[in-house]
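Enquirer: predicted model and sequence below, questions to follow.
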Amino acid sequence: FLAGASFVGLLHAHKHKMPKKDAPAKKSGGGGASKKPKKWSKGNVKDKLANKVVFDQETYDKLMKEVPAYKVITPSVVSDRMKINGSLARRAVRELEKKGLIKKVSISSAQMIYTRAIEKVEEKVEEGAKKAAPKKGGAAKKAAKKEEVAADDE
């Protein structure tokens with residue numbers, strides 16, 4: 001009786017079911033170790049930029065002509081559009097400010113923000129208009145005729 005009672009107690013204490021002999025046996029050797037390691041995706045590789053580190057005459061002329069017309073001017077914008085190094089862009093922005101071609105909006109330790117200096121741009125446009133010969137168009141002819149008629153009436 002004692003031997004039978006202890007056997008029954010052991011069955012109730014052990015709650016796991018015994019594997020059936022018909023079922024295929026699992027591989028031994030641990031759960032995660034037998035799996036293949038996860039393969040990481042390559043991801044998108046960013047192309048290396050070949051930005052210029054020194055100004056050539058063509059890039060410098062383009063900088064002086066185009067950058068003062070930008071609405072927002074930062075070293076990162078100049079670097080991206082002109083294909084120049086970041087340190088070169090910072091120096092270019094400072095030089096444009098010294099020449100009065102751009103106007104400072106905000107400067108922090110991280111970023112310098114500028115905008116176009118409208119006064120200087122307007123002056124340059126006026127100088128260019130004075131240098132250009134006046135065109136003889138329809139409006140100019142009408143104004144000239146009115147002046148002649150007014151002079152004849154007097």
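Expert: Arrived safely. Numbering: from 1, shown residues only.
Enquirer: how would you label Glu58: helix, strand or coil?
Expert: Classification of Glu58 by DSSP: H, G, I helix; E, B strand; the rest coil places it in helix.
Enquirer: got the phi and psi for Leu88?
Expert: phi -70, psi -40 (degrees, to the nearest 10).
Enquirer: secondary structure element for Ser76?
Expert: Using DSSP states H and E, Ser76 maps to helix 75-82.
Enquirer: buried stuff in stretch 86-96?
Expert: By 16 or more other C-beta atoms under 10 Å, the buried positions in stretch 86-96 come out as 88-90, 92-93, 96. In this view, the C-beta of every residue, glycine as well, is placed from N, C-alpha and C.
Enquirer: over to stretch 97-111?
Expert: Buried, per 16+ other C-beta under 10 Å, within stretch 97-111: 97, 101-103.
Enquirer: biggest separation within those residues, which pair?
Expert: Spatially, the most separated pair among the buried residues of stretch 97-111 is Leu101 and Lys103, at 8.8 Å (C-beta to C-beta).
Enquirer: tell me where the model's unsure across the chain.
Expert: 1-34, 119-154 (pLDDT under 70).
Enquirer: can you give me the strands for it?
Expert: Assigned by DSSP state E, the chain shows strands spanning 102-107, 112-116.
Enquirer: what's the closest of those strands to Leu49?
Expert: Among those, strand 112-116 sits nearest to Leu49 (C-beta to C-beta), with 20.6 Å.
Enquirer: show residues contacting the closest one.
Expert: 68-75, 90, 93, 96-97, 101-107 (C-beta atoms under 8 Å, 6 or more residues apart in numbering).
Enquirer: buried residues, it. List them.
Expert: 112, 114, 116.
Enquirer: Serialize those residues to a markdown table and add fields for distance to Asn44.
Expert: Below are the buried residues of strand 112-116 laid out as a markdown table (distance: C-beta to C-beta, whole Å):
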| residue | distance to Asn44 |
| --- | --- |
| Met112 | 30 |
| Tyr114 | 32 |
| Arg116 | 35 |
